[in-house]
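In: Structure for this input, please:
(one chain, ligands or ions: 1)
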Amino acid sequence: MHRAGRRRRLGLIAHVLIAHASKRGSTAEIAEAIAEVLRQAGHEVDCKPAEDVGDLAACDAVVLGSAVYMKRWRGDAKHFLRKHGHELSELPFWVFSSGPVGDPSTTPDPAWLEPPRIIDRAQQLGVRDHVVFGGRVPAEPEGRIERSMVEHTPAEYRDRRDWDEIRSWAQRIASGLDSPVAAA
Ligand SMILES: Cc1cc2nc3c(=O)[nH]c(=O)nc-3n(C[C@H](O)[C@H](O)[C@H](O)COP(=O)(O)O)c2cc1C
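Out: Here you go, the predicted structure:
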């Protein structure tokens, strides 16, 4: 308790918003894993769907993540970036995309992994880092396209989320926040 109070006075505890846009839940689980690491590092974390975020007034830092479908971010994440661009330009913020499934030795078109225009915009706003995490095909596919995708994806590559990689990235964010200057 005392330690937390001292860290707060020193400006070492950041209020971090993690906003995610997920259709079938796997990106939301990545966001929760990142939240857990940041909480363990002593920060205050709100992890919620991008569509539920009002304003960023109470935030010291933001992580924005979206699933990628047909080379695009989910609409809620795109909307978040547009709506909060000005606030983001004044905050430390990080971005992740999640999507690739299937055999990792095949090299997909980079635009399949991260929408280039989104990343350009994030960079204009001063994003600290942007990464792509493996995704997961829906556990219970709906419709012809999803069923075909699951059928054509070898079972061992249906969930390519690498939790160690995700937690390491979150740890780097925590380290980046661990100075009053970074969190200011
Ligand atoms: C119809 C369809 C299109 C997809 N398009 C892409 C894509 O363009 N790039 C990519 O990396 N992953 C793509 N994926 C894989 C998804 O991004 C992956 O399943 C992701 O983990 C889904 O996230 P969610 O569970 O949060 O919705 C696609 C999946 C489906 C079903």
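In: burial count for Arg72?
Out: Using other C-beta atoms under 10 Å, Arg72 has 15 other residues around it. Yep, even glycine has a C-beta here, placed from its N, CA and C like the rest.
In: Repeat that for the one 5 residues further on.
Out: Applying the criterion other C-beta under 10 Å, we find 27 residues in the vicinity of Ala77.
In: The residue nearest the centre of the chain is in what secondary structure piece?
Out: In the chain, the centroid-proximal residue (C-alpha atoms, centre = their mean) is Gly65; its distance is 2.9 Å. Using DSSP states H and E, the element containing Gly65 is strand 61-69.
In: What of Gly126?
Out: Applying DSSP H and E, one finds Gly126 in no helix or strand.
In: what about it, how many neighbours?
Out: By the criterion of other C-beta under 10 Å, Gly126 has 12 neighbours.
In: so it makes contact with Gly85?
Out: No. Here Gly126 lies out of contact with Gly85, judged by C-beta atoms under 8 Å, at a distance of 10.5 Å.
In: So for the residue nearest to Ala19 when sequence neighbours are not counted, what's the pLDDT?
Out: Nearest residue to Ala19, sequence neighbours excluded (C-beta to C-beta, 6 or more residues apart in numbering): Ala50, at 4.1 Å. If you check Ala50, the pLDDT there is 98.
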